[in-house]
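A.B. asks: coords please:
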Amino acid sequence: MPAGRIRNFFLPVIFLLLFTHCFTVVVENEWEAFFRRSLAWHDENVNSTVSSNLRFRLFPPMVRVNPLVERFSDWRNGPYWQHIPPLFTYVPLPFFYLDGKATAETWRLSYALLAYLTGCVFILIVTRFTGSLLSLATATAAAVVWINTPFTKDLLTARAFNYSDVVLAFTMVCSLAAICNYLRKPYGERCRYANYDVILPAMAVTLPVMAKSLLGGIAPALFFSLLFRDQRKVNRKVVLSIAAFAIPLIVYYGSLCLSSPDTFVKEMLVPFAHFKNYENWARPWHYYITNYLPTRYMHKYWIVYLLSTLTGLSLLLSINGRATRDFTILALSFTWFIVNLAAVSAIKSKTPNFIFQGYLFYVFFCIHCVAYVCVKTIAYGIEPRLAGLAGKAGKSYFKAASTAFVLLSFALLLTLVAWDAHGIATRFEETRASHYHYTSTQEKQFFFGEIAHTELNADPSHIFIIVTNDEWFKYAIIFNTGAEAKELRELGAVSRELHKANSGLMEEIKRKYSVVHFVFEPAYKLPGFLAMATISDYRVVTVKTRDYARFSNSVLESLKKVGSGAQLMENIRSLEFLSAIDPYFYSRMKSLLSPQISPSNYN
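C.D. replies: Below is the predicted model:
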């Protein structure tokens, strides 16, 4: 193989290996956050349960795979997917299948791998489009800076919400690949493209819209702007591209609408709520520039980004090189980020996530512009001297030396990445095998869900009634088991809802579930005659629904044997949870124990 072809083949691989090493360093540094045995934030609690439940039902994505109430409630309780289109929830599913179970670390690491893939694809896109070594180096540097950005690491470890933004960033990079492929020929030649040359990119730019609806609209807006400029009229190619864009969206969103029309109508309108003060997210129009970018993304390097942006703008405004692909990719990257920034700055409700989709493009713009100016400046000074020194023999020597350097670099980096992979695999097994210290309340609740799956054999045919006031406990159970979980205080509203449908709560539980588990905090006082288990500091009373009548009768008989007085009244109060699901239990208890307790004690 000629030396030139060797270098052309191995150079992209070398830079990909370099990015891979940097990614493994990030994973190693954030190891404890990836392996945290608890669910963080509102969004991770809900989104993780949707992903986990896909193991039981592939479509539609559901917060509860076997819900007690199937009518739409809100984004936390579902039962169907929430206000973010659920495409992103499918990312961990292959890893759940490979691992044989759903775990918190698999959930988080799957999105980290997608972020790694995003960086790799971006490097290859830029390199293939420009064909320059400088672009290869700067794209790799941009990917490294992006993966090490504080907000990126916060997203990947669930310290910030939401993983849908990681998927959106990946779909944006895929859309960039499609647009770059469309721009591979000069302006005058693109009007003569074959039909598939406009259909394929039109289909590709649907991905961001599928990932995050309105927030993913930048990619199709850019592509169709280019298409209309090239075609200059509505012709066959324009119609075909619009159809190629619209049909996948109609099928995707149409299937979601058919699965739950009520959920679709109410949740798909949520993006438009950001034009108002949605969930107290209202911020001034300049908040991204004055707060989110400097504090969540750039930190102390914001002045470097500012100077790099000014350098890039001066380069873009220069006349020289406007027909080059370097200029095209720079203009495209900067336009993408600025359109994104302007759009989200115009709305009232803001979060730092909204600019994540284009941040990689902006980092590349800054790095490449500065590197381009530096290289051109250095080359201008030394190129004449090199030309005088390099004869035919010198050129041959340089080619041989550069080829040897490339091969040596490849061997060293391949060894380094192999060592990194071995270290991560070993540490993964050791972390899994080691004892985890469940200390916080959230960790203990997650541990409860894990044990409920293994020791109680909980699955979607089970329901957990949680006698606590922690509204997030139930998601740890749903994530690990797929079972339904409800707080005791929710059952009153559920009972009224079922009454409207001419059904009773206990009848619905018996119809849908084979086992009901009552979960209590350690401080909750239960009668000693109840058979119970202790899991992760929580106590559980388990009853098969077909045996519930026998269970309630035995409880009443045990109460009757207690006698009278304070102990009996304490036992009665501790059994109020049974009245929440069985409205007749209280009246039966009052009738049975009336000889032992005066009527005033019931009030």
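A.B. asks: per-residue confidence for Lys376?
C.D. replies: Lys376 carries a pLDDT value of 80.
A.B. asks: helix or strand: which one has it?
C.D. replies: helix 359-389 (DSSP states H and E).
A.B. asks: which one is His299 nearest to, not counting chain neighbours?
C.D. replies: Pro150 (6.0 Å; CB to CB, 6 or more residues apart in numbering). Every C-beta, even on glycine, is put in place using the N, C-alpha and C of the backbone.
A.B. asks: for Glu105, that is, sorry about that
C.D. replies: Phe35 (4.7 Å).
A.B. asks: who are the neighbours in contact with that neighbour?
C.D. replies: Counting by CB atoms under 8 Å, 6 or more residues apart in numbering, Phe35 makes contact with 104-105, 431, 436.
A.B. asks: wait, which of those residues is closest to Tyr163?
C.D. replies: Comparing the contacts of Phe35 against Tyr163 with CB to CB places Ala104 closest, at 12.5 Å.
A.B. asks: give me the buried subset of the contacts of Phe35.
C.D. replies: 104-105 (16 or more other CB atoms under 10 Å).
A.B. asks: and the closest residue to Leu214 other than its chain neighbours, what does it touch?
C.D. replies: Once flanking residues are discounted, Leu214 sits nearest to Pro271: 4.1 Å by CB to CB, 6+ apart. Contacts of Pro271 were listed using CB under 8 Å, 6+ apart, and they are 83, 213-215.
A.B. asks: which of those residues are buried, as a PyMOL select command?
C.D. replies: In PyMOL syntax, the buried subset of the contacts of Pro271 is picked out as below (16+ other CB under 10 Å):
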select buried, resi 213+215
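A.B. asks: just the contacts of Pro271 now: which is nearest Glu450?
C.D. replies: Nearest member of those to Glu450, counting by CB to CB, is His83, at 28.7 Å.
A.B. asks: one step back: please tabulate the contacts of Phe35 in JSON lines, including the columns distance to Tyr475.
C.D. replies: JSON lines is the format used below for these (distance: CB to CB, whole Å):
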{"residue": "Ala104", "distance to Tyr475": "11"}
{"residue": "Glu105", "distance to Tyr475": "17"}
{"residue": "Thr431", "distance to Tyr475": "23"}
{"residue": "Tyr436", "distance to Tyr475": "19"}
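A.B. asks: need the max-distance pair from the contacts of Phe35.
C.D. replies: Ala104 and Thr431 (11.9 Å).
A.B. asks: returning to what we had before: after the helix holding Lys376, which helix or strand is next?
C.D. replies: Trace forward from helix 359-389 with DSSP H and E and the next one is helix 392-433.
A.B. asks: elements contacting that following helix?
C.D. replies: helix 3-29 (3 or more CB pairs under 8 Å, 6 or more residues apart in numbering; DSSP states H and E).
A.B. asks: hmm, back to that, okay, and which of the contacts of Pro271 map to strands?
C.D. replies: Per DSSP state E, strands hold no members of these.
A.B. asks: low pLDDT regions in this protein?
C.D. replies: 1-7, 319-323, 379-398, 563-565, 592-603 (pLDDT under 70).
A.B. asks: center of it, which residue is that?
C.D. replies: When CA atoms, centre = their mean is applied to the chain, the residue found nearest the centroid is Tyr163 (1.8 Å).
A.B. asks: could you measure from that one over to Pro284?
C.D. replies: 28 Å (CB to CB, to the nearest Å).
A.B. asks: now swap in Leu414 and tell me
C.D. replies: 50 Å.
A.B. asks: do Trp107 as well
C.D. replies: Trp107 is 35 Å from Pro284, by CB to CB.
A.B. asks: ok, Arg37 - contacts?
C.D. replies: Applying CB under 8 Å, 6+ apart, the residues near Arg37 are 104, 436, 438, 443, 446-447, 450.
A.B. asks: would you map the strands across the stretch 451-600 of the chain?
C.D. replies: 462-467, 484-487, 515-520, 533-535, 538-544 (DSSP state E, counting those that start in this stretch).
A.B. asks: partner strands of the second one, with direction?
C.D. replies: Read that as strand 484-487. With DSSP bridges as the test, strand 484-487 is paired with strand 462-467 (parallel).
A.B. asks: give me the angle between the strand it pairs with and strand 515-520.
C.D. replies: 20 degrees (axes from the mean of the first three to the mean of the last three CA atoms, to 10 degrees).
A.B. asks: report the buried residues of the host helix or strand of Val198.
C.D. replies: In this structure, Val198 sits in helix 195-204 according to DSSP H and E. For helix 195-204, a neighbour-count test (16+ other CB under 10 Å) marks 197-199, 201-204 as buried.
A.B. asks: likewise stretch 525-542?
C.D. replies: 526-527, 530, 535-536, 538-542.
A.B. asks: dump the buried residues of helix 195-204 into CSV; add distance to Tyr305 as well.
C.D. replies: Listed next are those as CSV, based on distance: CB to CB, whole Å:
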residue, distance to Tyr305
Asp197, 36
Val198, 36
Ile199, 38
Pro201, 30
Ala202, 33
Met203, 34
Ala204, 29
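A.B. asks: that's all I had, so thanks and see you.
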